[in-house]
Structures are given as C-alpha cells and as structure tokens.
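J.: Sequence plus the predicted model coming up.
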Amino acid sequence: RADFGRCAAAFASRYGDRVRFYQVWDEPNIAPHWGARPVDAADYAGLLREAAIQLRAADPDAVVLLAGLAPTVEPGGLNQSDLAFLEALYQAGAAPWFDAAAGQPYGFEQPPATPADAQALNFGRAELLAEVMRRQGDAGTRLWLTAYGWHAAPAGQAAGDSPWGSVDEATQARWAGEAAEWARRQWPWLGGLAWAWWQPPQPASD
C-alpha cells in the first residue's frame with residue numbers, strides 16, 4: 001500500500017496541473033483485476049485510503065473516484081456482485097476516501113429502459129448502485145458511470161460469439177443515445193456518463 005501511495009503522490013505531483021479526476025484501480029470486485037485471487041472489499045478500501053491521502057496531499061484539487069465496479073451477480077470468492085462489494089466498502093469505512101462512486105452498467109442484450117433487477121445485468125443496474133449509496137446515508141455523493149454501452153459484432157462474427165451479448169450496429173447506436181437521454185432525465189444523482197471505448201477491429205476470438 002505504501003508503494004502504491006508513493007506512486008499516486010508522484011503521479012499527482014507531476015500531472016496535477018492537468019488532471020483533476022483520479023480513479024483508483026479498476027474492477028477490484030473480480031479476480032482478474034485483483035491479482036487473480038479472491039476479492040476483498042476491505043483490502044481495496046485500505047488501498048483506496050492510502051491513495052486518497054497521498055493524492056489529496058499532492059493535489060489539493062484532486063477528485064478521487066472509486067474504482068469502476070464490474071457488473072456481476074456472483075456471490076463472492078473470486079468474483080463478487082458490484083452491489084455487494086459497494087455495500088462492503090461502506091461497511092469497511094471507505095466513504096471518506098472517495099469523492100464519487102463509479103459503476104459500469106453495460107447493457108448486454110437489454111434495452112436501456114429495462115427495469116433494474118439485482119439478479120440481472122443491464123443498464124438499469126446503475127439505479128441499484130445508487131440505492132446502495134442511499135441506504136448507506138451517502139445520497140449526496142455522485143455516482144459516475146465510467147463505462148457503459150453495447151457490443152456490436154464486427155463483420156464476419158456471429159452475434160452469439162460474444163460472451164457479453166451482442167446487438168447490431170444500428171441498435172448499438174440507438175440504445176447508446178437513448179441511454180444517455182434516459183440518464184439525463186431520470187437520474188439526478190448521476191455525476192458522469194462515459195462510453196466504454198471505440199475499439200478497432202479485433203480477432204473474432206477476442
């Protein structure tokens with residue numbers, strides 16, 4: 001943790017005049033992003049605390065974002081539900097160490113207005129993350145959606161080949177716009193909304 005804190009401080013000291021928002025880690029609730037070992041919200045909370053202290057000391061204007069949590073419904077061990085992991089972060093006392101929470105409510109194969117369901121993965125899952133924050137008395141903290149979107153199968157790849165679900169490009173474009181408009185109208189607690197990425201062509205096996 002101390003090493004990570006020193007790295008965060010060095011980064012903020014070097015780039016603080018150009019950077020305001022610092023996101024600490026990515027998807028710590030799934031094993032591939034947590035050292036290929038069982039995830040641990042309290043362990044991540046400790047890392048976040050060290051980073052936040054160092055970032056704020058080096059850059060007084062720093063805005064610290066929680067790691068974007070991966071959408072999953074798994075109970076724990078190697079992977080833990082983003083909802084349960086966020087709840088556990090509050091229980092571990094992490095609230096003072098982030099200025100905004102972050103989630104990644106990918107749409108998979110569901111339209112943006114599909115109702116939220118704790119056992120389903122869709123764009124509406126953001127509402128459930130915000131609900132966790134309200135239950136923890138943290139309704140005043142914004143929730144950023146640091147990645148959202150739908151996968152469109154590239155030419156020559158069948159839609160069913162993706163483990164994330166696929167839609168055609170026209171649907172991808174329409175739902176992306178509808179989701180952004182829905183968020184503007186329905187989610188006053190939202191701090192930001194980011195499209196995942198523009199990905200160049202990849203092998204069909206990727």
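T.: It's in.

J.: contacting residues around S81?
T.: Counting by CB atoms under 8 Å, 6 or more residues apart in numbering, S81 touches N29, T72, V73, E74, P75, A118. The C-beta positions use only the backbone N, C-alpha and C, and glycine is treated the same way.

J.: For burial, what's the neighbour tally of the closest residue in space to the second one that isn't next to it in sequence?
T.: Distance criterion CB to CB, 6 or more residues apart in numbering; nearest residue to T72, sequence neighbours excluded, is N79 at 5.2 Å. As a burial measure, N79 scores 21 neighbours (other CB atoms under 10 Å).

J.: got it, and the one 10 residues further on?
T.: By the criterion of other CB under 10 Å, L89 has 26 neighbours.

J.: Tell me, what's the model's pLDDT at it?
T.: At L89, the pLDDT value in this model is 98.

J.: Likewise for G68?
T.: At G68, the model reports a pLDDT of 97.

J.: now swap in the one 10 residues further on and tell me
T.: As summarised for this prediction, L78 has a pLDDT of 97.

J.: for it, phi and psi?
T.: phi -70, psi -30 (degrees, to the nearest 10).

J.: quick one: the strands in the protein?
T.: Along the chain, counting by DSSP state E, strands occupy 21-23, 63-65, 75-76, 79-80, 100-103, 142-148, 190-195.

J.: partner residues bridging the residue nearest to T72?
T.: When bridges are taken as DSSP bridges, the partners of N79 come out as I30, G76.

J.: Let me see the contact set for it.
T.: Contacts for N79 (CB under 8 Å, 6+ apart) come out as N29, I30, A31, V39, A70, T72.

J.: ok, the fourth one to D59 distance?
T.: Shown here: V39 relative to D59, a distance of 29 Å by CB to CB, to the nearest Å.

J.: Tell me, how many residues neighbour P28?
T.: Using other CB under 10 Å: P28 sits among 26 other residues.

J.: how far away is the most centrally placed residue in the chain from R135?
T.: Nearest to the geometric centre of the chain sits G68, at 2.3 Å (CA atoms, centre = their mean). According to CB to CB, G68 and R135 sit 20 Å apart.
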